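**Q** here is a sequence with its predicted model. Questions after.
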Amino acid sequence: MTDDADEALLAPLRAMWRRRDPVPDGLVTSVLVALASEGLDEEYELLTLTGDAARLEGVRAPAGDDGGAGAPRTLTFTAGPVTVMLRVSPLDHGRRRVDGWVSPAGVHAVRLRCGADDVRTTSSAAGRFEVADVPSGVATLWVLGPEDAGTPSVRVTTAPFEL
């Protein structure tokens, strides 16, 4: 069949559906809004991190501090219904301890990559996890699961942040 023949067959069918089941008002706009808002969680997370960086601009550790001294700090990441809170505590020689909580609670696979270190752990049923010793530097965190139909689904992937 040619394109003209196809068009001749489909035109009456198209007209019938337009009469019997027209496109609802606002459907096209709603679909465009849904497509445009996809990924806003990640953009919000990045803006939150950028806002914190601007607030802390110009803040420096005391002279001679190797990163071992100082107070723990808290970071929060949100993606959709999942929130991850991290407490980063300084250790000696520029190392860090990371304690984390995932909400909603559940057993999740957790992966933290900082430099050459790639640490994998699992949260408890209460959503708590820990990474006892990682280097300071730029890190990325992934929270996977719980398993749906046998395949872990990505719940949170953070933008790079400073440990």
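**A** Yep, it's here. Residues are numbered from 1 along each chain as shown.

**Q** C-alpha from now on. contacts and neighbour counts both.
**A** Fine.

**Q** identify each buried residue in the longest strand along the chain, please.
**A** Under DSSP state E, the strand in the chain containing the largest number of residues is strand 138-148. By neighbour count on 16 or more other Cα atoms under 10 Å, the buried set for strand 138-148 is 139-146.

**Q** also stretch 120-139?
**A** Neighbour-count burial for stretch 120-139, counted by 16+ other Cα under 10 Å, picks out 122-124, 127-131, 133-136, 139.

**Q** and the furthest pair within those residues?
**A** The largest separation in the buried residues of stretch 120-139, counting by Cα to Cα, is between Ser124 and Ser136 at 24.7 Å.

**Q** quick revisit: quick one: mean pLDDT for the longest strand of the chain?
**A** In this model, strand 138-148 carries a mean pLDDT of 81.

**Q** for stretch 81-93, same thing?
**A** 88.

**Q** show me what counts as buried in it.
**A** Quick answer for stretch 81-93 (16+ other Cα under 10 Å): 83-91.

**Q** could you identify the most distant pair in the residues you listed?
**A** Maximum pairwise distance among those (Cα to Cα): 25.4 Å, between Thr83 and Leu91.

**Q** which residues in this structure form helices?
**A** For the chain, the helices defined by DSSP state H cover 3-20, 27-37, 40-55.

**Q** phi first, then psi, for Asn105.
**A** For residue 105 the amino acid is Ala, not Asn. Main-chain dihedrals, Ala105, degrees, to the nearest 10: phi -60, psi 150.

**Q** and the gap between Gly127 and Arg155?
**A** Separation of Gly127 from Arg155 (Cα to Cα, to the nearest Å) stands at 13 Å.

**Q** so where's the chain shaky on pLDDT?
**A** Along the chain, the model assigns pLDDT under 70 to residues 1, 36-69, 146-154.

**Q** one more time with 50, if that's ok
**A** 51, 53-69 (pLDDT under 50).

**Q** domain parsing for it?
**A** 3-34, 39-162 (automatic domain parsing).

**Q** most packed of these?
**A** domain 39-162 (a mean of 16; mean count of other Cα atoms under 10 Å).

**Q** measure the closest residue in space to Val143 that isn't next to it in sequence to Thr157 for me?
**A** The shortest distance from Val143 to any residue other than its chain neighbours is 4.7 Å, reached at Val110 (Cα to Cα, 6 or more residues apart in numbering). Using Cα to Cα, Val110 is found at 10 Å from Thr157.
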